[in-house]
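J.: give me a 3D structure for the following:
(4 chains)
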4 protein chains.
Amino acid sequence: MISFESDYNNGCHEAILKRLLETNNEPATGYGLDSYSLAAKEKIRQACSCLEADVFFLVGGTQTNATVIDAMLRGYQGVLAVETGHINVHESGAIEWGGHKVLTLPSHDGRMDPSELAQWLHDFYADPTYDHMVFPGMVYITFATEMGTIYTLEQLQAIREICNRYELPLFVDGARLGYGLMADGCDVTLQQLAGLCDVFYIGGTKCGAYCGEAVVFPRHNAPAHFFTIVKQHGALLAKGRLLGVQFEALMQDGLYFKLAGHAVAQAMRLRDAFVAKGYTMYSDSPTNQQFVLLDQAVIEVLEKNFVFEQWFPVGDKMNCRFVTSWATTVEDVDALIAAIP
Amino acid sequence: MISFESDYNNGCHEAILKRLLETNNEPATGYGLDSYSLAAKEKIRQACSCLEADVFFLVGGTQTNATVIDAMLRGYQGVLAVETGHINVHESGAIEWGGHKVLTLPSHDGRMDPSELAQWLHDFYADPTYDHMVFPGMVYITFATEMGTIYTLEQLQAIREICNRYELPLFVDGARLGYGLMADGCDVTLQQLAGLCDVFYIGGTKCGAYCGEAVVFPRHNAPAHFFTIVKQHGALLAKGRLLGVQFEALMQDGLYFKLAGHAVAQAMRLRDAFVAKGYTMYSDSPTNQQFVLLDQAVIEVLEKNFVFEQWFPVGDKMNCRFVTSWATTVEDVDALIAAIP
Amino acid sequence: MISFESDYNNGCHEAILKRLLETNNEPATGYGLDSYSLAAKEKIRQACSCLEADVFFLVGGTQTNATVIDAMLRGYQGVLAVETGHINVHESGAIEWGGHKVLTLPSHDGRMDPSELAQWLHDFYADPTYDHMVFPGMVYITFATEMGTIYTLEQLQAIREICNRYELPLFVDGARLGYGLMADGCDVTLQQLAGLCDVFYIGGTKCGAYCGEAVVFPRHNAPAHFFTIVKQHGALLAKGRLLGVQFEALMQDGLYFKLAGHAVAQAMRLRDAFVAKGYTMYSDSPTNQQFVLLDQAVIEVLEKNFVFEQWFPVGDKMNCRFVTSWATTVEDVDALIAAIP
Amino acid sequence: MISFESDYNNGCHEAILKRLLETNNEPATGYGLDSYSLAAKEKIRQACSCLEADVFFLVGGTQTNATVIDAMLRGYQGVLAVETGHINVHESGAIEWGGHKVLTLPSHDGRMDPSELAQWLHDFYADPTYDHMVFPGMVYITFATEMGTIYTLEQLQAIREICNRYELPLFVDGARLGYGLMADGCDVTLQQLAGLCDVFYIGGTKCGAYCGEAVVFPRHNAPAHFFTIVKQHGALLAKGRLLGVQFEALMQDGLYFKLAGHAVAQAMRLRDAFVAKGYTMYSDSPTNQQFVLLDQAVIEVLEKNFVFEQWFPVGDKMNCRFVTSWATTVEDVDALIAAIP
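T.: Numbering: from 1, shown residues only, chains lettered A, B, ... in the order given. Got it, this is the predicted structure:
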């Protein structure tokens, strides 16, 4: 069986594994104060061209979203996100458990529409009863989105401008940041992204690491005592070196982006093959997640040798998800392409 | 420099690293449903002689404490612990952040006294205003304790009996469980411990793994939807295999206990050496943490070649902590013993 | 100026005031254990024909909703409500502050559609990822709704049946219960309502009292230690007698229902007058809140002598709300009717 | 039976009742924006000589403590209080439910010792692991304390100075503020108190009102959107006029202080009588709560005609509490004095 089930099916990239081996017997102090973590943070600052950035390593995505959002909101504030946003659907209510409402906007293939955001904010403050409601305290977007789509630079700038107008921080969930930045046609650079948002993270778990998300506050703007907030949320790893070593390897010679670029290239091959054979894509994703409408007969054929997820029915077809990663080989994709009826 | 700073200074034991290497390229489903995790859980059930046990793998200790306590308490309940308990001191208020008061009892070298527990509970229900107060909802103890001490079987049975009387679950924080069970003079087995408590965990992070704590509900008594509660607390690892592989290795042929036993043996050598040279131990710890009172001159001598923590002053001396682990060699201890003035 | 601004514009009904005067100098024990509170609870049990009911007096609506919902949900559960539900809009996120997501369904003039509820629940459990999501833990409806509408007995029975199927408690927010039960055409009795839900409250604040909401668990089914939960939520009044005296007066000889009936009758007169003069009602409300579409010229005429709220524009008109209460006189309504252009 | 059970046994003072009657039929807008509330706030500002003060009316004490503390702390901060502080004992964990640890200091008859506070703060920041702990975020004291004692001006100034040094806000729980300021020998004025703290409240419930606590931020220093925070905590009364009218009456011609002064005077008579007859007072309280050690025979004699609380045994005697209030008559005290064996 060849798996296109998700981008967190395999262990970690061999370059990371190699460094874990090499460093294993070196003693290092705990809680992220080790030399590997410090070096990884510096590499991230340089990659972002944000030499003043505050960088923290957390373990997983839901944890990171909950910790960052709690740290940046006051109790009476909620977070604006699209309905399909990960924090609104698949985090078991971690944001609400922290006391905050997710204020939802329509999803456009996973994206927030800047004009709808502006309208929502206008309407909120135009409502004479707004101080009986949950105040918007932050804008949350994902890049790439849960639907595999990305934002253009212009769209991000438009959202930023609205955030400025309402003094709202912008938080970019980058669980799949690599795939977004290396997406087919992406016109946003890591440096630009860092310049446009108040906090974002470089997702490790889904982009080649065993675990780990690197939270970046680009302008030395971490909330006071964020270290303690991370600890309080159970997100501080005692052996922080496990995260430091991994991110140091990922940031070495642009490995992170090479891995993502490889996965995107394989996804594009797959997309082109489906389209060439006359299938309809559910969304026009330029990243490592491809959504295609298949009927039951085709699914049965492909399931014999390939693992993939059936998301939800669309008319009489099923929206199926195929995900590539650093671990997807050219041969894996060749085989799948050959098998498409 | 040779480090006695903590038991989480090194990477992971080589047997674990070997298995991480061997399994790295095998695809596996996420969120702890992989075959490694399933196999590790089964090994844990057998080691505990609790074939019906529910087992979950979480990442770190504070996270595990907060998740278990939240899952088992109702909103109006607090958790009984000694003042020096980890949840009361060094978890940045994670328990209170989850809404629960830590109700404190005196610490006896890290231990709870059963008769003081019984008295506290008696006094609580004797107070006519108790329904204006925080109800006790659980008893939390650590094994081994933060001070390196352990409970006797008789003490644990006494606490269990009180818990039965007041219908309180007993939670054993086993971040250092291996060192406790392998302690010099310990008369408690893993099977007995599992039989006496309602939930406990087998600490991986401090006992040879890179990360990971195995939560055990011995009698198929996990709270409903504990999986979702773990997710909500940001404690569910996407690549759950990282925890499964580690615990499978630790549970293979009793490795977990061998590593702990080695560390304890080295700690005993160290303790005996300090005592033989006329030093006073702060507590009579039979586990891998040794606390000894040193004056400044001695500290300066030892600091030249060894890393250790200075906890707090006692009279005109300093209470210093030396910690051994699976990674501490016989030669490390020889060197330290030779250096003691 | 004559006010149709809300049903909480005046003090309290004179019969209540009279009893406050008569009882003022009698000492009484605190926290709701006074004889007035006990007598009021008994009157409520009899009015509901639920002699086993647990009854608690809280101070206000948001507080009551938050306390009841927190007491009945586990941490991983949310509450199902329509989008316009008070808990979802006008309670400043009190439910999320308590850790729970409000899971929303479409609003039909303020009502939940039973078939949409059934579909939502079916879809939830059909989703293979549901244990990464917020579990439904309760159904919340308002009676009368925020839009002035009510449910038929058949609709309530349909919702109850769905709740039974999924083992969900049904909570009826009765901030305007009196107006609902006395509504034009209502076919539900207080006894039937009590029989159909797991918890509801008899709203005092908007129905003649100065403050106070009587929470009823009809079948002796209050959550354990609900008294303490109320205290923890800051909802326990030291001088509980203030609530007991008021509810005893409201329950005496059906005063509560007489006051509501009077308000509804005046609202019906108002509705008929608007309709007769050719105006369009925004919703077909049979209760004390009337919503009518007015253009700016008419608003300006009426604003000279009457207070009312402009809710939101509908096309080129404004949806205006006129609210009657026990304090609205026949003459007040005569005057308003006469003033309608 | 004559009651010395508590200071919240009766309804409200007649001057308040009179104003409730007079204003009952006047329509007024909701949520504390009515003219009575505005006038009461202005009277409070003048009484405090803080013309810039932000004033809010909440309903009860636990609610007020929880709301103020939540509003002023960040998630990683706790509140410093003495062990006997109301928030630490008798609020059912409302503070922890809001996510904050109560960090405790020893109680000296209910008072915090400034030097112990300074030492605690010194030790906290001297601990190298403090960023794994709960940060102190506020100092909470009660005036008068739960034991009936008060602080001298010098003590308050010393606490203020420490707060300044560590940039901690000082919160004074004034549930019994009147009795404190009118205490026998009190050298603190309302104006001085307002000048020394960052937030305090003027307790109504225990000082003559039916309910209500007036929260004062003396230097226009209320947290942003405190109104919404109050709403979110379920502490916003729809008919805010109920609180406004009561506080307007209490602030008229110094009624609040006259009532408290009367109660204190009666308490002093009672204290003197007990002492004259050779009884031992448990604490030297100069306020309306008197604690005296009685043996069982005396208790039985007094219980025939008087209501009072037995707090806890001290040696072979019982510490009994006698509380006076505005409603305690000279004759009540005469009768009790006459009855003391």
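
J.: can you give me the strands in the stretch 151-300 of chain A?
T.: Assigned strands in the stretch 151-300 of chain A, in chain order: A:170-173, A:199-203, A:213-217, A:280-281, A:289-294 (criterion: DSSP state E, counting those that start in this stretch).

J.: can I get the ones you listed in TSV with distance to chain B and mean neighbour count?
T.: Yep, even glycine has a C-beta here, placed from its N, CA and C like the rest. Converted to TSV, those look like this (distance: least, C-beta to the nearest C-beta, whole Å; neighbours: other C-beta atoms under 10 Å in any protein chain shown):
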stretch	distance to chain B	mean neighbour count
strand A:170-173	14	24
strand A:199-203	10	27
strand A:213-217	10	27
strand A:280-281	24	14
strand A:289-294	15	23
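
J.: tell me which of the ones you listed lies nearest to C:Asp316.
T.: Closest approach to C:Asp316 among these is made by strand A:170-173 (36.5 Å; C-beta to C-beta).

J.: export the strands of the stretch 151-300 of chain A to TSV and tack on distance to A:Gln310 and mean pLDDT?
T.: Listed next are the strands of the stretch 151-300 of chain A as TSV, based on distance: least, C-beta to C-beta, whole Å; pLDDT from 0 to 100:
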stretch	distance to A:Gln310	mean pLDDT
strand A:170-173	25	98
strand A:199-203	25	98
strand A:213-217	28	98
strand A:280-281	15	96
strand A:289-294	8	97
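
J.: the least confident helix or strand in chain A by mean pLDDT near chain B at all?
T.: Ranked by mean pLDDT, DSSP states H and E, the helix or strand of chain A with the weakest confidence is strand A:309-314, at a mean of 92. No: using C-beta under 8 Å from any C-beta of the partner chain, strand A:309-314 stays clear of chain B, coming no nearer than 10.7 Å.

J.: buried ones in that strand?
T.: Going by neighbour count (16 or more other C-beta atoms under 10 Å in any protein chain shown), the buried part of strand A:309-314 is A:309, A:311.

J.: got the domain ranges for chain A?
T.: A:2-7+A:256-339, A:14-253 (automatic domain parsing).

J.: looking at those domains, which is nearest to C:Ser283?
T.: Across the domains of chain A, closest to C:Ser283 is domain A:14-253 (C-beta to C-beta), at 18.3 Å.

J.: span of the closest one from start to end?
T.: Domain A:14-253 has an end-to-end distance of 15 Å (criterion: C-alpha to C-alpha, to the nearest Å).

J.: again with stretch A:59-78
T.: The first and last residues of stretch A:59-78 sit 24 Å apart, counting by C-alpha to C-alpha.

J.: would that stretch count as contacting chain B?
T.: Yes: residues of stretch A:59-78 contacting chain B under C-beta under 8 Å from any C-beta: A:59-64, A:66-67.

J.: residues from the stretch 201-341 of chain A in reach of chain B?
T.: A:205-206, A:210-211, A:228-229, A:231-239, A:241-242, A:307, A:327.

J.: picking up where we left off before, could you export the strands of the stretch 151-300 of chain A to CSV, including columns for distance to chain C?
T.: Shown next, in CSV, are those (distance: least, C-beta to the nearest C-beta, whole Å):
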stretch, distance to chain C
strand A:170-173, 16
strand A:199-203, 17
strand A:213-217, 17
strand A:280-281, 22
strand A:289-294, 15
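
J.: do you know which of these lies nearest D:Ser35?
T.: D:Ser35 lies closest, by C-beta to C-beta, to one member of the strands of the stretch 151-300 of chain A: strand A:170-173, at 42.8 Å.

J.: other SSEs contacting the closest one?
T.: On a contact count with 3 or more C-beta pairs under 8 Å, 6 or more residues apart in numbering or on different chains; DSSP states H and E, strand A:170-173 meets helix A:61-72, strand A:135-142, helix A:153-166, strand A:199-203.

J.: and the angle from the first one to strand A:199-203?
T.: On the basis of axes from the mean of the first three to the mean of the last three C-alpha atoms, to 10 degrees, helix A:61-72 is oriented at 170 degrees to strand A:199-203.

J.: quick one: average pLDDT of helix A:61-72?
T.: Helix A:61-72 shows a mean pLDDT of 98.
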